[in-house]
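Trainee: need the 3D shape of this:
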Amino acid sequence: MSHAQPGADYNIVVDVDDDEPTLEFQDFATGGAQQHGRMNAGGAAAGAAQAGPPPPPPPYQAGDAAGGSGHSVWRVEYWAQYFNVDSRDVVQRTYLAVVPKDSFLDVYNANPDLWGTFWIPTSVIFAMFVTASLSQGIAEALAGARREYDFGMLTFAVFTVYTYVLAVGALVYATTRYFGSQPGLMECLSVYGYAMAVWIPISVLCVLPFNWFRWVMVAVGFASSGLFIMRSVNQIVNRSSGQLHKAIIPLLLAVHALLVIVFKFKFFSYSTATVPAAGPGPK
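Mentor: Numbering: from 1, shown residues only. Sure, this is the predicted structure:
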């Protein structure tokens, strides 16, 4: 169809195709929602990329049974985290156990370990057996007696030291946990493992043939290790508001005194053998 305007210097002709489709209203609601969703998803992805990786998990805290790790206790990775220390860490913790002027647990819980917990009692067993055997040998040699090695002493040392560390440490864990202190099992075992450190130098010093000096050294060892255990256990039980479970502290001190008495009379008391040395044969 064509239209023309008369009375003008030019004519405008507009051709309209009757078959051309007419204008219609379109529904953009669905399409707009989909596009908006894609824009939000893209924005969230960009925001996550800018935010960076998620923060690392919190460090080990006392009472955390998994120790901050998701590994099973039957996997090597679970136990490997407790040996992730160097010699400087072990020396620092050993010093705090021998000279308990600062909080051992505050340092230990920042990075728990079983290295010192295991090797310190093992070193004590070796030191007491070697020094006791050496001192007994010297005493018998000076008395002219025949030397007989007592390897049953080694077995007794293994049983006594490991039983004390494991059994009493587990008792402290179970008791304080029952009263709501929320301790860690590794934490309690490490208190008793590191408490053995003072007996290594005392074993060496008790080689000297003076009984009064041995008594003094044993008293020093009892005071040092006992004070360390009492302070550490008291710090654990103070996590709970209860008062009844503080009665465990005198009981632990009595058990520790019994251990020290066993040390004194089994490893730090030397006597000559009753069997005389072989003399010269008959002429």
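Trainee: output the below-cut-off pLDDT ranges for the stretch 1-150 of the chain.
Mentor: Scanning the stretch 1-150 of the chain for pLDDT under 70 picks out the ranges 1-73, 145, 147-149.
Trainee: ok, 50 please
Mentor: 1-8, 10, 13-14, 16, 25, 28-49, 52, 54, 56-68 (pLDDT under 50).
Trainee: tell me the spacing between the closest residue to Ala97 other than its chain neighbours and Thr155.
Mentor: In space, Ala97 comes closest to Tyr194 once its chain neighbours are excluded; the distance is 3.9 Å by Cβ to Cβ, 6 or more residues apart in numbering. Every C-beta, even on glycine, is put in place using the N, C-alpha and C of the backbone. As judged by Cβ to Cβ, to the nearest Å, Tyr194 and Thr155 stand 24 Å apart.
Trainee: more crowded one of the two?
Mentor: Tyr194 (28 against 12; other Cβ atoms under 10 Å).
Trainee: for that one, give me its contacts.
Mentor: Tyr194 makes contact with Arg93, Thr94, Leu96, Ala97, Phe104, Gly116, Thr117, Ile120, Phe228 under the criterion Cβ atoms under 8 Å, 6 or more residues apart in numbering.
Trainee: which pLDDT value belongs to it?
Mentor: We have a pLDDT of 95 for Tyr194.
Trainee: equivalent analysis for the one 10 residues further on, please.
Mentor: Val204 is assigned a pLDDT of 93 by the prediction.
Trainee: same deal with Asn211?
Mentor: For Asn211, the model assigns a pLDDT of 88.
Trainee: now it: closest residue in space that isn't a chain neighbour?
Mentor: Ser269 (7.6 Å).
Trainee: cool, and Leu185?
Mentor: Leu185's closest residue in space is Tyr173 (Cβ to Cβ, 6+ apart), at 5.0 Å.
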